[in-house]
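Undergrad: would you be able to build a 3D model of this:
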Amino acid sequence: MYALKYRLPLHLIVFTEPRYFPNDVERQKMISSVTNNISGILHETDPGLIVENISITSGSELENFLNQKHKGFGLFVPASGAVQPWMIKAAESFEGIGILAAYEPGLLDQETAYRLLEANAAPAAADVYSVIKRQGKPVALSLEISDILDLLQIIQTADRMKKAVILLAGVTEDWVISSCRSFEKIKEKTGMDFIGVTLEELYRIYESITDEDAKQISNKWIENAKEIIEPKKQDILAASRLAVAIYQLVRKYNGDGIAIACFTLLRDLGTTSCIALSMLNDSRDFIGACEGDMDSAVTLFMMKALTDKPSWMANPMLEKNDVLRLSHCTSPLLLEGKPLPYILRNHHESGIGVSPEALIEEGVPVTITRIGNNLSSLSVSTGITLDTPPTPICRTQLRIKPDSMSSFIDNLLGCHQIVTFGNWERQLTEVGKLLGLKVLK
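TA: A predicted model of the protein is given here:
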């Protein structure tokens, strides 16, 4: 298991042809100014970035760079013309390239920026961008560091997925007919490994967990609840014991998450995994999917790797006036980045166990997505949350006004949708391309 927030090393490389800066002192001063300013902004924007500063001013320096066999992401700053062949050769080392148009004052002071402009940095940047794009490597050309870091995060997402290990506890529930059931297909399309484990193994761990082991979790759910309607204290304790057991199972296999045949489980154990999955999805390093739905598990993982936020797996229901209602009996509580108020209920369909009814705000932009069609497609919709009076369906409910209801319906890939706060359409489109998926929006 890796930390879910995965970081590729970023190599900040300033390319300079000495004919444009024949004075050694001026050239070194310029390179230091560019490097210090840009690396400073990078660390200010994201203190966790791993940045290596490099300067290439000759063919021998390029050769030395190539011999070191750097890997990761290249942030290229052309400081002059005539560096295009060096940049193209250096780009072969990296999974993606960001080209920073530093010749426009803003990132650098006006004197330094205009010196780069005078030295033909602009045509070099455009030239290299067009060739790398034609080669099919992920590349961005921008005045803004934020655009470059967006591309880095997109590449990191696809790369992190290749290192993921997800457990399938039990088998996918029979009625989840839209989900892929092939570990090999998922591995082929995303690089993610799925490991099948029996529910009986989970049950044995559950039976070994004492009330004392689960007391802290149980007390936290009770103390922070706005209201408790159906569940008794013992119900909450049993669901908390299951949460401890599920965490132990995931860690046993060095997993990054789990998809659970939760309806089979609740019939066997008389409790529910709803709060366990809520906790997994709220965590920084794990995800949890219901009903053994592997498509949803893949999508939940992708979204957390991309956004560093929890996402919510839910069932869609059409309402009048092009409104979409989503519901499920589990929900993360940190969807908005701060704890949501919640009510503790029992499980809607079975009437047993414990389910959190999270109360979600209106007026928040959201992205609705899912990988499906046997791991060939990625649907992406956006919208805004509405006031949500409850109806007699699953406990957590949310009404959304999609930007296009017709597109949402045309591109529907299954009964479970993954909801993430914020508009991630552009980034998801690029992740989908990297994974070789048909992006539907």
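Undergrad: ok, residue 393 to residue 254 distance?
TA: Using Cβ to Cβ, to the nearest Å, one gets 37 Å for the distance from residue 393 to residue 254. Heads up, the C-betas are built off the backbone N, CA and C, glycines and all.
Undergrad: more neighbours: these two, which one.
TA: residue 393 (16 against 10; other Cβ atoms under 10 Å).
Undergrad: would you agree that one is in contact with residue 327?
TA: Yes - assessed by Cβ atoms under 8 Å, residue 393 is found in contact with residue 327 at 4.7 Å.
Undergrad: touching both of the two, which residues are there?
TA: Residues touching both residue 393 and residue 327 by Cβ atoms under 8 Å, 6 or more residues apart in numbering: 315, 317.
Undergrad: got the CA coordinates for stretch 64-76 in CSV?
TA: Output of stretch 64-76 as CSV, limited to C-alpha atoms (Å, rounded to 0.1, in the frame of the first residue of the first chain):
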residue,chain,number,x,y,z
ASN,A,64,25.0,14.4,-18.4
PHE,A,65,21.3,14.9,-17.6
LEU,A,66,20.3,12.0,-19.8
ASN,A,67,22.9,9.7,-18.2
GLN,A,68,21.3,10.3,-14.8
LYS,A,69,18.1,8.7,-16.1
HIS,A,70,15.6,11.1,-14.3
LYS,A,71,12.0,10.0,-14.1
GLY,A,72,8.8,11.8,-13.2
PHE,A,73,7.5,15.1,-14.6
GLY,A,74,9.4,17.8,-16.4
LEU,A,75,8.7,21.5,-15.9
PHE,A,76,10.5,23.1,-18.8
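Undergrad: what number of residues lie near residue 184?
TA: Residue neighbour count, defined by other Cβ under 10 Å, stands at 9 for residue 184.
Undergrad: and for residue 47?
TA: Neighbours of residue 47 under the rule other Cβ under 10 Å: 7.
Undergrad: go on, residue 253?
TA: Using other Cβ under 10 Å, residue 253 has 16 neighbouring residues.
Undergrad: pLDDT score for it?
TA: The score at residue 253 is 97. That number is its pLDDT.
Undergrad: so how far is residue 339 from it?
TA: Counting by Cβ to Cβ - residue 253 and residue 339 are separated by 29 Å.
Undergrad: stretch 179-194: how far from the chain's middle?
TA: The chain centre lies 18 Å from the centre of stretch 179-194; the measure is Cα atoms, centre = their mean, to the nearest Å.
Undergrad: what does it rub up against?
TA: Residues outside stretch 179-194 that contact it (Cβ under 8 Å, 6+ apart): 161-168, 172, 196, 292-296, 298, 301-302, 371-372, 374-376, 414, 416, 435-437.
Undergrad: which of those residues fall within helices?
TA: If you go by DSSP state H, the contacts of stretch 179-194 have 161, 294-296, 298, 301-302 in helices.
Undergrad: need the longest helix for the chain.
TA: For the chain, the helix with the greatest residue count under DSSP H is helix 24-45.
Undergrad: now that one: mean pLDDT?
TA: Rounded mean pLDDT across helix 24-45 is 95.
Undergrad: do the same with stretch 4-20
TA: Stretch 4-20 comes out at a mean pLDDT of 92.
Undergrad: and for the residue lying closest to residue 396 once chain neighbours are set aside, the neighbour number?
TA: Spatial nearest neighbour of residue 396, excluding adjacent residues (Cβ to Cβ, 6 or more residues apart in numbering): residue 331 at 3.9 Å. Number of residues near residue 331 (other Cβ under 10 Å) recorded here: 32.
Undergrad: okay, now residue 356: neighbour count?
TA: The number of residues near residue 356, taken as other Cβ under 10 Å, comes to 24.
Undergrad: beta partners for it?
TA: Counting by DSSP bridges, residue 356 forms beta bridges with residue 344.
Undergrad: surely it is in contact with residue 334?
TA: No - look at residue 356 against residue 334 with Cβ under 8 Å: they stay out of range, at 11.9 Å.
Undergrad: domains in this structure, by residue range?
TA: Domain assignment for the chain, taken from automatic domain parsing, gives 10-160, 162-440.
Undergrad: next one: the shortest one to chain centre, how far?
TA: Going by Cα atoms, centre = their mean, the spacing between the C-alpha centre of domain 10-160 and its chain's C-alpha centre is 26 Å.
Undergrad: and if you look at stretch 324-337?
TA: So, by Cα atoms, centre = their mean, the centroid of stretch 324-337 is 17 Å from its chain's centroid.
Undergrad: ends of it, what's the gap?
TA: Start-to-end span of stretch 324-337 (Cα to Cα, to the nearest Å) is 23 Å.
Undergrad: what comes up buried for that stretch?
TA: Using 16 or more other Cβ atoms under 10 Å as the test for burial, stretch 324-337 gives 324-336.
Undergrad: could you do stretch 350-359 as well?
TA: Buried, per 16+ other Cβ under 10 Å, within stretch 350-359: 352-359.
Undergrad: quick check, nearest of these to residue 107?
TA: residue 358 (41.3 Å; Cβ to Cβ).
Undergrad: how much space between the closest one and residue 344?
TA: 11 Å.
Undergrad: now do the helix or strand harbouring residue 62: which elements does it pack against?
TA: For residue 62, the host element (DSSP states H and E) is helix 59-67. Contact analysis of helix 59-67 by 3 or more Cβ pairs under 8 Å, 6 or more residues apart in numbering; DSSP states H and E lists strand 51-56, helix 84-91 as its packing neighbours.
Undergrad: who wins for proximity to residue 242 among the ones you listed?
TA: strand 51-56 (42.9 Å).
Undergrad: so what strands line up beside the longest strand belonging to the chain?
TA: When the chain is parsed with DSSP state E, its longest strand is strand 377-386. The strands beside strand 377-386 in its sheet (DSSP bridges) come out as strand 365-372 (antiparallel), strand 396-402 (antiparallel), strand 438-440 (parallel).
Undergrad: for those strands, which one ends up most surrounded?
TA: Most buried of the strands paired with strand 377-386 by mean neighbour count (mean count of other Cβ atoms under 10 Å) is strand 365-372; its value is a mean of 25.
Undergrad: and it, what's its mean pLDDT?
TA: 98.
Undergrad: what comes into contact with it?
TA: So strand 365-372 is contacted by 178-180, 190, 295-296, 298-299, 302-303, 324, 326, 377-385, 400, 402, 408, 413-414, 416-425, 428, 437 (Cβ under 8 Å, 6+ apart).
Undergrad: the residue nearest to residue 18 when sequence neighbours are not counted - how many residues pack around it?
TA: If the residues on either side of it in the chain are set aside, residue 18 comes closest to residue 57, at 5.7 Å by Cβ to Cβ, 6+ apart. Counted with other Cβ under 10 Å, the neighbours of residue 57 add up to 21.
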